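[1] model the structure of this input:
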Amino acid sequence: MPLNRRDFVTRSAATAAGAALAGGASVAAASPAAAAGADQQGKKKDQKKQAFTVMGTTDLHGRVLNWDYFTDAVYADKAHNDVGLAKISTLANQVREDKGWDRTLLIDAGDMIQGTQLTYYYARVDPIATDADTAPEHPMALAMNLMGYDAAALGNHEFNYGIPTLRAFEEQLEFPLLGANALHAKNEKPAFTPYVIKELHLGHGRPLKVGILGLTNPGIAIWDKANVSGKMVFPGIVEMAAKYVPRMKAAGADIIVVSAHSGIDEPTTYGDQLPWPEDASGEMAETVAGIDAVLVGHTHKEVAQRLIVNKQTGRTVVLSEPLCWGQRLTCFDFEVEFDNGSWTLVSLSSRVLNSNTVAEDPEIVDALSAQHKKVVEYVNQVIGTCKTELSIAEAPFKDTPIIDLIGRVQADTVKAALASTSYANLPVLAQAAPFNRTALIPAGQVKLRDAAGLYIYENTLEARILTGAQIKDYLEFSAKYFAQLAPGAPVVLETLTNQQSTPDYNYDSLYGVSYDIDISQPVGSRIVGLSYDGKAVDPAAQFVLAVNNYRANGGGNFPHVAAATSVWADSNEIRNTMIAWVKAKGVIDPADFASVSWRLVRAGVPVF
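    Take a look at the predicted model:
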């Protein structure tokens, strides 16, 4: 079997240590001759400087191979990106060959085990968290172990499948899973390893100690409330960095790298529901003394290098975020100097490498081949048929049948659940968002992957009671997604949506009511003609809102819903509810659920 990165590092470290001893003896024996001239002194000074590289990934979201399980094809996008750890492995090995296998580290900033049907399969279908004598090996653990990761920080999506699955994944890893601000709720002691210190043998008889601190997102307390409430708490990123960086320094760390599942300075999606910001990497770099580099995660953006000056020390901190899904690899390139018995930082910069420039590592591909084949067979199960093709392409700006399908499934499920309760006679509305801009349900046979591609998150379904006035507030908040355009102004699709940094998953439309969104009006005054069953919605009337658990717990900071009365909740993923609905119906017929219940207008004139 080929040697993995860890084998090479162990072997290289031993070789380096031996070479250092031999080199010391040789220099001592030759020192009388070597003492001649300033030229030799200059060379000796240069030898004090050494280089090493810390590589980083983030938001891998279950991508190991360059494959899209929702389309059952090689991954493709308009920018010609590639994805997956198999590509990253090739890039990482190239960096190791260039810099030296014993002069590199590889870390991750979280969100590893959720995002594809490959990882879903080993969380739910053939779960790694099992009481059986043998458990399957998680594909991300298998790949990351082979690649020789040195550490990884927790992401918020690590908690989507519950703590037992996360613990089972942690047990399979050959490197620490870090989370300095993931604490046991009962005593607020660390639930995961806060940091690790890695030694690099660069010569001079004293190893360079690189401290890696892992921090995750406080929003977990909201987004995965059902899985963590009463079990874990997640205090602020800045506060916990301020606590642990001095401890790492006291433990001998010469260099401090933070792996943070937190963006640099994006708006917080949960508003004031928590006292700690969601994207705090920039604030941390600016206010916590002693940090040299920050591997940024969570926001799915590409930031090759961002420089932030620390207010306390005046030193520049280097931040970098590689594009998600294994599309990029960050490299922090360090130069250090050994003098007077200690290491000091001379220079630091960061860059990103593009995974579409290399082939997949055959070792990773071969190791995952059996699991990949099993999951491909799973996602290609036929679950029903569809009378016509349903595309999500126009869903961000039009009411489309494919989004209506999500609403119909959720509304039907909640109505059935409440049929024998006191809420049975209340009208049921349903929330849905355009999660995946490439989702498509074909005419003819419908496969499991088609439904999975439409609902890509592990959300579950809940039912909350809202008034008519609250429903209108909810829609007004959602409508901030659109740009304000005067009547007659040109409509540019590229800038029409995603305003105020609103991602697609935080734009909701509601199934069951009719309304216009007047984008000529300012945010907060856009919802016109809100009606139910042909009549204007009474502000005091009560409605049941079928809503996913992310939104119900406050994700996106939509008004009223998190505080609303909960009348029902399901533990099954909405995706599976949709699959079961299609199987039961046999045929998806848009005539059963599709209608144009909302539209964009300007002063009453439809935009489209």
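[2] let me know the pLDDT of residue 205.
    pLDDT for residue 205: 86.
[3] looking at strand pairing, list the partners for residue 354.
    Residue 354 has these beta-bridge partners by DSSP bridges: residue 328.
[4] so it touches residue 327, yeah?
    Yes: with contacts counted by Cβ atoms under 8 Å, residue 354 reaches residue 327, the gap being 7.3 Å. Using the backbone N, CA and C atoms, a C-beta is placed for each residue, glycine as well.
[5] which residues do those two both contact?
    Shared contacts of residue 354 and residue 327 (Cβ atoms under 8 Å, 6 or more residues apart in numbering): residue 81.
[6] what about these two, which has more around it?
    Neighbours per residue (other Cβ atoms under 10 Å) separate residue 354 from residue 327, with residue 327 holding more: 26 against 18.
[7] for the closest residue in space to that one that isn't next to it in sequence, which residues are in contact?
    For residue 327, ignoring the flanking residues on the chain, the nearest one in space by Cβ to Cβ, 6 or more residues apart in numbering is residue 81 at 4.7 Å. Contacts for residue 81 (Cβ under 8 Å, 6+ apart) come out as 75, 323, 327, 354, 355, 356.
[8] so the spatially closest residue to the fifth one that is not a sequence neighbour: helix, strand or coil?
    With sequence-adjacent residues excluded and distances taken as Cβ to Cβ, 6+ apart, residue 355 is closest to residue 87, at 3.7 Å. Using DSSP: H, G, I helix; E, B strand; the rest coil, the structure places residue 87 in helix.
[9] name the SS class of residue 349, please.
    Classification of residue 349 using three-state DSSP returns strand.
[10] any idea how far it lies from residue 318?
    7 Å (Cβ to Cβ, to the nearest Å).
[11] overlap in contacts, the two.
    What both residue 349 and residue 318 touch, as defined by Cβ under 8 Å, 6+ apart, is the set 305, 332.
[12] more neighbours: which of the two?
    Counted by other Cβ under 10 Å, residue 349 and residue 318 do not tie: residue 318 has more neighbours, with 21 against 15.
[13] you'd agree that one is up against residue 350?
    Yes: in this structure, residue 318 is within contact of residue 350 by Cβ under 8 Å, at 5.2 Å.
[14] what do the two both touch?
    Both residue 318 and residue 350 are contacted by 293, 305, 332, under the criterion Cβ under 8 Å, 6+ apart.
[15] helix or strand for the second one, just tell me which one.
    Here residue 305 is covered by strand 303-309, with elements defined by DSSP states H and E.
[16] pairing partners for that strand, with directions?
    Using DSSP bridges, strand 303-309 pairs in its sheet with strand 316-321 (antiparallel).
[17] rounded mean pLDDT for stretch 476-487, please.
    When pLDDT is averaged over stretch 476-487, the result is 98.
[18] whoops, stretch 49-56 was the one
    Rounded mean pLDDT across stretch 49-56 is 98.
[19] now tell me what touches it from outside.
    Contact with stretch 49-56 is made by 92, 95, 99-100, 103-109, 200, 202-203, 208, 210, 257, 259, 293, 295, 320, 322, 329-338, 346, as judged by Cβ under 8 Å, 6+ apart.
[20] can you list the buried residues in it?
    For stretch 49-56, a neighbour-count test (16 or more other Cβ atoms under 10 Å) marks 50, 52, 53, 54, 55, 56 as buried.
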